[in-house]
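Trainee: All I have is the shape, not the residue letters:
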């Protein structure tokens, strides 16, 4: 038994009857970490939802850009020149323009129907912004 005295008390691997203190965290720290994880999940969910909405808005913007007619700079320059020269003030040009406008009015209705069908197929009207705008327009019409 004399050999036992030579072993230092700190050399023991486990101490009997004592609470071991290791790298485990107090329960308060664990609670804080769990609440932070829940908060991180909520933040992540909100960010993911915002990303989806932004992607939807970008898609709708692309669809709108595709529907815009091409601008022909040569035609715009010619129209400006004719305006400055007074070409559109001539009676025969005014009559022709009026006739074309009346004819196009009936074609515009058909074109609007086609545009609405195209937008429906592409999900354009599912956008929250478009739904809000449409609801606002309906309410204005009711008043």
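Mentor: Perfect, I can see it now. A quick note: this is a predicted structure, and the numbers were derived from the prediction, not measured.
Trainee: confidence score at residue 92?
Mentor: Predicted confidence (pLDDT) for residue 92: 92.
Trainee: Same check on residue 86?
Mentor: Looking at residue 86, its pLDDT is 90.
Trainee: Report how many residues lie close to it.
Mentor: By other CB atoms under 10 Å, 9 other residues sit near residue 86. Just so you know, the C-beta spots here come from the backbone N, C-alpha and C atoms, and that holds for glycine as well.
Trainee: And for residue 67, nearest residue in space, chain neighbours not counted?
Mentor: Leaving aside its chain neighbours, residue 67 sits nearest to residue 115 (6.9 Å; criterion: CB to CB, 6 or more residues apart in numbering).
Trainee: In what element of secondary structure is the one you found found?
Mentor: helix 91-122 (DSSP states H and E).
Trainee: same for that helix, what does it pack against?
Mentor: Judged by 3 or more CB pairs under 8 Å, 6 or more residues apart in numbering; DSSP states H and E, helix 91-122 is in contact with helix 27-67.
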